[in-house]
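What shape does this take:
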Amino acid sequence: MRSPVFSIITVTFNAAHVLEKTILSVINQTYPPIEFIIIDGGSKDRTVSIIRQYESGIKYWISESDKGIYDAMNKGLQAATGDYVWFLNAGDVFQHHNVLMELAAIAEQNGLPDILYGETDLLNNEGIVFAKRRLKAPRRLTWKSFRMGMLVCHQAFIVKRSISPEYDLQYRFSADFDWCIKCMLLATKITNSNIRLVNYLYQGATTANRKESLKERYAIMCKYYGTIATVIMHLWFAIRFHWAKWTRGTV
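Now for the predicted structure:
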């Protein structure tokens with residue numbers, strides 16, 4: 001069995017202040033079969049000059065206007081040729097240089113499953129890990145698991161390109177939630193890596209527009225799980241959120 005190729009896709013827009021850390025995190029991985037793709041939305045800051053500085057380690061990049069973050073992600077999917085697609089936002093970093101080496105070994109040991117997943121930690125604006133993600137990845141993941149919310153972070157959800165649909169652009173802030181469910185519906189084998197994969201920057205469009213994002217997630221959950229079940233679960237979400245905020249101060 002040959003080693004799987006990971007298409008690492010980073011979408012950017014005016015991300016000069018955080019992009020270099022992400023690029024270095026990717027190109028310094030000890031696992032060679034990586035296809036690094038950067039889709040920039042026509043940045044006006046130094047983003048493009050930073051991309052050009054590291055162009056030798058980037059398989060494909062473009063800088064042009066788009067219809068938003070998920071349109072850019074779709075462009076990344078269209079450009080990808082690897083076995084797996086993995087989205088790493090500007091500002092996010094792998095937890096260490098051997099993450100892809102470890103994940104590839106797990107993938108091979110499990111017969112190259114359709115989906116691999118793991119855990120993430122949260123970075124603040126200074127690039128310091130300040131918390132673990134409040135929602136812990138379940139031991140066993142199915143498409144029904146997301147009735148409890150997005151239990152696996154988008155940046156720790158790695159999908160075979162052959163089953164990966166495009167993002168639904170009707171959702172401006174939560175198309176990743178919808179995409180993950182679609183991927184799980186198409187998957188025949190989902191494997192928990194049981195490792196911490198990524199430190200992700202706790203900011204961005206979804207966080208900055210939390211109320212609109214939650215509205216979209218509610219609509220997505222109704223679509224897949226039914227309205228009554230979704231209403232009941234949201235009562236539990238409210239209790240869980242306020243309890244976690246009161247006891248641990250996490251998100």
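
Who are the packing partners of the lengthiest strand in the chain?
What stands out as the longest strand in the chain, according to DSSP state E, is strand 190-201. Secondary-structure packing of strand 190-201 (3 or more CB pairs under 8 Å, 6 or more residues apart in numbering; DSSP states H and E): strand 93-94, helix 99-109, strand 115-123. Backbone N, C-alpha and C define where each C-beta goes, glycine included.

could you redo the last one with a cut-off of 6 Å?
Judged by 3 or more CB pairs under 6 Å, 6 or more residues apart in numbering; DSSP states H and E, strand 190-201 is in contact with helix 99-109, strand 115-123.

Give me the distance from the longest one to the chain's centre.
Between the mean C-alpha point of helix 99-109 and the mean C-alpha point of its chain there is a distance of 18 Å (CA atoms, centre = their mean, to the nearest Å).

Mind listing residues that contact it?
1, 3, 4, 6, 29, 30, 31, 116, 193, 195, 197 (CB atoms under 6 Å, 6 or more residues apart in numbering).

Kindly report the same for stretch 66-86.
Contact with stretch 66-86 is made by 4-9, 11, 35, 37, 39, 41, 60, 158-161, 164, 166-167, 169, 175, 205, as judged by CB under 6 Å, 6+ apart.

What's the ChimeraX line that selects buried ones from the residues you listed?
Here is the ChimeraX command that selects the buried residues among the contacts of stretch 66-86 (16 or more other CB atoms under 10 Å):
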select :4,5,6,7,8,9,11,35,37,39,41,60,158,159,160,164,167,175,205
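
Any regions of the stretch 1-150 of the chain where pLDDT drops low?
Judged by pLDDT under 70, the stretch 1-150 of the chain has its weakly predicted residues at 1.

Strands along that one, start to end?
6-12, 34-40, 60-63, 84-87, 93-94, 115-123, 129-132 (DSSP state E, counting those that start in this stretch).

TSV for those, including distance to residue 232?
Below are these laid out as TSV (distance: least, CB to CB, whole Å):
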stretch	distance to residue 232
strand 6-12	35
strand 34-40	39
strand 60-63	44
strand 84-87	31
strand 93-94	37
strand 115-123	26
strand 129-132	27
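
which residues make contact with stretch 148-161 from outside it?
With contact meaning CB under 6 Å, 6+ apart, stretch 148-161 is reached by 80, 84-86, 92, 114-118, 120, 133, 135, 137-138, 145, 176-177, 180, 183, 197-198, 200.

name the element residue 179 belongs to?
Here residue 179 sits within helix 175-186, counting by DSSP states H and E.

which of the contacts of helix 99-109 count as buried?
Applying 16+ other CB under 10 Å to the contacts of helix 99-109, the neighbour count classes 4, 6, 29, 31, 116, 193, 195, 197 as buried.

distance of the last one from residue 121?
Using CB to CB, to the nearest Å, one obtains 9 Å as the distance from residue 197 to residue 121.

I'm done for today, thanks for sticking with me.
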